[in-house]
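In: Any chance you can model this:
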Amino acid sequence: MFSRPSRIEIDLNRLEKNIEAIRKHIPEKTKIIAIVKSNAYSMGDVEIVRHLVELGISNFAVAATSEGIRIRREFKDIEILVLGYTPEYLYESSTRNNLTLTVYSYDAAKKINEISNKIGMDTNVQIKLDTGMNRLGFKNTGESLEEISKISKLSNIKITGIFSHFADSEENKEFTEKQFNDYITFTKKLEEMGIELGMKHINNTGGVFLHPEYSLDAVRPGIALYGTHDGRKEDAIDFGLEFIADIKSEVAHVKTIQPGEGVSYGLVFKADKPTKIATIPIGYSDGILRAMSGKIDVLIQGKRCKQVGVICMDQLMVDVTGVDCNVGDEVVLVGEQGSEKIWINEYSEAADECNTPFLTHLSPRLCRVYIKDGNIVKSTDEILN
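Out: Prediction:
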């Protein structure tokens, strides 16, 4: 029982299976840097990290200092890399919480060093190279070589790694190869200058499976950890991945409407015959976006039922004509029920997005229920907890 029936059930056994699939595609000595930004793609970062630590993962990456500090409060002995921009006023708290900061300018590194020296601590940093994404990073120039050399000489800065990011590892083989070659060329120049660079990494989810030859000291899988891929669902299957989450709710109300009656705001859907309608207590504030209205199915009693009308903030309605269902019956939005299955790709495509951004829409209001070996081991249901 939960304080709200709409929830995300997260299968930790599937998470373990995905780690095994990733390890099969990379050299034995290559480390996994688990990407747990955006609350572990909405799966709940603390519990995902907890289980990954049990699986032997010790390197993690987040987007922001706030994410890193939240995880650090629970785990003292793991490496946490902040991939994104860290404003100056957070340098001290980042250092005190033993976060590794990404640097891509000498000026920022110099200021980090000043603050680290003032508080009597060292700060770990990783150098970000821009090999074609044109987001963050040093460009491949002589000026960049000089700046990184100066960073390496700062008294309270320790360079623990150097990385870049593929822009299109799933589709553009030539550009991916160019990015990799540019990365290797630039890092060799730095090493020839006597600079110790630490861990080298560039491969992301697409690269792990499609370009395993680019796996260096570490790889950075993100969406693959959670068992899916931003391409076709068949790709995830081929890679040996299994989506770790099922999105579920239950039937709140059932009624039959007559021809000509409408459903939901704007009466966009109108029945052309007697139609049985079930109301489900989940809506766009939970991450089932209004733009998906009329484009998705749910499973009730093992049968696909089409969502009808405009999705509301907290509820949506489905056509259950011909389905023997009652209040309290389980509803599966994403996952399996009986012999039927709804893929996460179906929902992301209905939202006109790929899987990664769609997952980040899933609201904290949906209780996360963690399951291992068929048993609930943890939930985020604060009221019942």
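In: what about the strands in the stretch 1-150 of the chain?
Out: For the stretch 1-150 of the chain, the strands defined by DSSP state E, counting those that start in this stretch occupy 7-11, 31-35, 59-62, 79-82, 100-103, 123-128.
In: CA atoms only: put the first one into PDB for me.
Out: Meaning strand 7-11. What follows is strand 7-11, C-alpha atoms only, in PDB (Å, rounded to 0.1, in the frame of the first residue of the first chain):
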ATOM      1  CA  ARG A   7       4.300   5.200  -8.600                       C
ATOM      2  CA  ILE A   8       7.500   4.100 -10.400                       C
ATOM      3  CA  GLU A   9       8.700   0.600  -9.500                       C
ATOM      4  CA  ILE A  10      12.500   0.300 -10.000                       C
ATOM      5  CA  ASP A  11      13.900  -3.200 -10.400                       C
END
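In: what distance separates it from the centre of its chain?
Out: Relative to the chain's own centre, strand 7-11 is displaced by 15 Å; criterion: C-alpha atoms, centre = their mean, to the nearest Å.
In: Count the neighbours of residue 12 for me.
Out: Look at residue 12: counted by other C-beta atoms under 10 Å, it has 21 neighbours. Any C-beta I mention is one placed from the backbone N, CA and C, and that applies to glycine too.
In: What residues does it make contact with?
Out: Contacts for residue 12 (C-beta atoms under 8 Å, 6 or more residues apart in numbering) come out as 51, 244, 370, 371, 372, 377.
In: Now, of these, which are buried?
Out: 51, 244, 370, 371, 372 (16 or more other C-beta atoms under 10 Å).
In: Now stretch 105-120: buried residues?
Out: Buried residues in stretch 105-120, counted by 16+ other C-beta under 10 Å: 106, 108, 109, 112, 113, 115, 116.
In: Give me the contacts around it.
Out: 88, 91-92, 95-96, 101, 103, 122-123, 125, 138, 147-148, 150-151, 154-157.
In: repeat that with 7 Å
Out: Contact with stretch 105-120 is made by 88, 91-92, 95, 101, 103, 122-123, 125, 147, 150-151, 154-157, as judged by C-beta atoms under 7 Å, 6 or more residues apart in numbering.
In: Filter the buried ones among the contacts of residue 12 down to the ones in helices?
Out: Within the buried ones among the contacts of residue 12, residues falling in helices by DSSP state H are residue 51.
In: Compile the buried ones among the contacts of residue 12 into TSV and extend it with columns for distance to residue 321.
Out: Listed next are the buried ones among the contacts of residue 12 as TSV, based on distance: C-beta to C-beta, whole Å:
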residue	distance to residue 321
51	42
244	33
370	36
371	33
372	38
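In: Show me which of the buried ones among the contacts of residue 12 is closest to residue 38.
Out: residue 244 (15.1 Å; C-beta to C-beta).
In: Can you check the pLDDT for the closest residue to the closest one other than its chain neighbours?
Out: Nearest non-adjacent residue to residue 244, counting by C-beta to C-beta, 6 or more residues apart in numbering: residue 14, 4.4 Å away. At residue 14, the model reports a pLDDT of 98.
In: How about the contacts made by residue 14?
Out: 227, 242, 244.
In: Number of residues surrounding residue 198?
Out: Neighbour tally, residue 198, other C-beta under 10 Å: 18.
In: Going forward, the N-terminal residue is numbered 3.
Out: Done: numbering now begins at 3, and the last item shifts to residue 200.
In: My guess is it contacts residue 165. True?
Out: No - using C-beta atoms under 7 Å, residue 200 is not in contact with residue 165; the gap is 9.9 Å.
In: returning to that earlier point: how about the strands of the stretch 3-152 of the chain, which one is nearest residue 217?
Out: Closest among the strands of the stretch 3-152 of the chain, using C-beta to C-beta: strand 33-37, at 9.7 Å.
In: List the strands paired with that closest one, with their directions.
Out: Paired strands of strand 33-37, with direction, are strand 61-64 (parallel), strand 220-221 (parallel) (DSSP bridges).
In: For residue 77, list the residues it contacts.
Out: Residue 77 touches 51, 55, counting by C-beta under 7 Å, 6+ apart.
In: go with 10 Å
Out: Residue 77 makes contacts with 48, 51, 52, 55, 60, 62, as judged by C-beta atoms under 10 Å, 6 or more residues apart in numbering.
In: could these go into a markdown table alongside neighbour count and pLDDT?
Out: Below are these laid out as a markdown table (neighbours: other C-beta atoms under 10 Å; pLDDT from 0 to 100):
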| residue | neighbour count | pLDDT |
| --- | --- | --- |
| 48 | 16 | 98 |
| 51 | 22 | 99 |
| 52 | 17 | 98 |
| 55 | 16 | 99 |
| 60 | 14 | 98 |
| 62 | 27 | 99 |
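In: Need the max-distance pair from those.
Out: 48 and 60 (15.8 Å).
In: Format the CA atom coordinates belonging to the helix or strand containing residue 361 as CSV.
Out: Assigned by DSSP states H and E, residue 361 belongs to helix 357-362. Taking C-alpha atoms only, helix 357-362 is exported to CSV below (Å, rounded to 0.1, in the frame of the first residue of the first chain):
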residue,chain,number,x,y,z
ASN,A,357,14.0,8.6,-23.8
THR,A,358,16.5,10.7,-21.8
PRO,A,359,14.6,14.0,-21.7
PHE,A,360,11.3,12.2,-21.2
LEU,A,361,12.5,10.4,-18.1
THR,A,362,13.7,13.7,-16.5
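In: So in the protein, where's the weakest helix or strand by average pLDDT?
Out: helix 235-240 (a mean of 75; mean pLDDT, DSSP states H and E).
In: Can you give the contact residues for it?
Out: Counting by C-beta under 10 Å, 6+ apart, 20, 23, 172, 208, 211-212, 225-226, 229-234, 243-245, 345-348, 351, 357 sit against helix 235-240.
In: Going through these, which ones are buried?
Out: For these, buried by 16+ other C-beta under 10 Å: 20, 23, 172, 208, 211-212, 225-226, 229-233, 243-245, 345-348, 351, 357.
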